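# any chance you can model this:
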Amino acid sequence: MVMMLWFSFSNDFEGIKQFVSRLSEGDAVVMESTGNLWVNLYEAVEANGVKTVLTNPLKTSAIASAKINE
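Modelled structure (predicted):
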């Protein structure tokens with residue numbers, strides 16, 4: 001698994017276009033479905049044939065804060 005290096009972009013047409021242009025065949029995108037901020041990005045990524053997975057922000061937060069006993 002390879003993760004993209006830190007990259008920020010504006011949540012508008014140009015920013016989303018810039019983000020999508022960095023994706024390659026076989027990439028996958030995971031994003032939280034927070035408010036309505038994810039909708040345009042999700043649609044643009046999906047339209048370019050990239051596998052896209054939505055996560056529930058409450059579950060993501062719970063997993064991140066869980067303590068694992070070893």
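# which parts of the protein are strands?
Ranges of strands in the chain, per DSSP state E, are 28-32, 51-55.
# can you list the ones you listed in TSV and add mean neighbour count?
Placement of C-beta: from N, CA and C, glycine included. Compiled in TSV, the strands of the chain are given as follows (neighbours: other C-beta atoms under 10 Å):
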stretch	mean neighbour count
strand 28-32	14
strand 51-55	13
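# for residue 7, find the nearest of the ones you listed.
Checking these against residue 7 by C-beta to C-beta gives strand 28-32 as the closest, at 11.8 Å.
# list the contacts of the closest one.
23, 38, 41-42, 45, 50-57, 60 (C-beta atoms under 8 Å, 6 or more residues apart in numbering).
# and what of stretch 52-62?
Under the criterion C-beta under 8 Å, 6+ apart, residues 28-34, 38, 42, 45-46 lie in contact with stretch 52-62.
# residue contacts, the closest residue to residue 17 other than its chain neighbours?
Among residues not flanking residue 17 along the chain, residue 44 sits closest, at 7.4 Å (C-beta to C-beta, 6 or more residues apart in numbering). By C-beta under 8 Å, 6+ apart, the contact list for residue 44 reads 16-17, 19-20.
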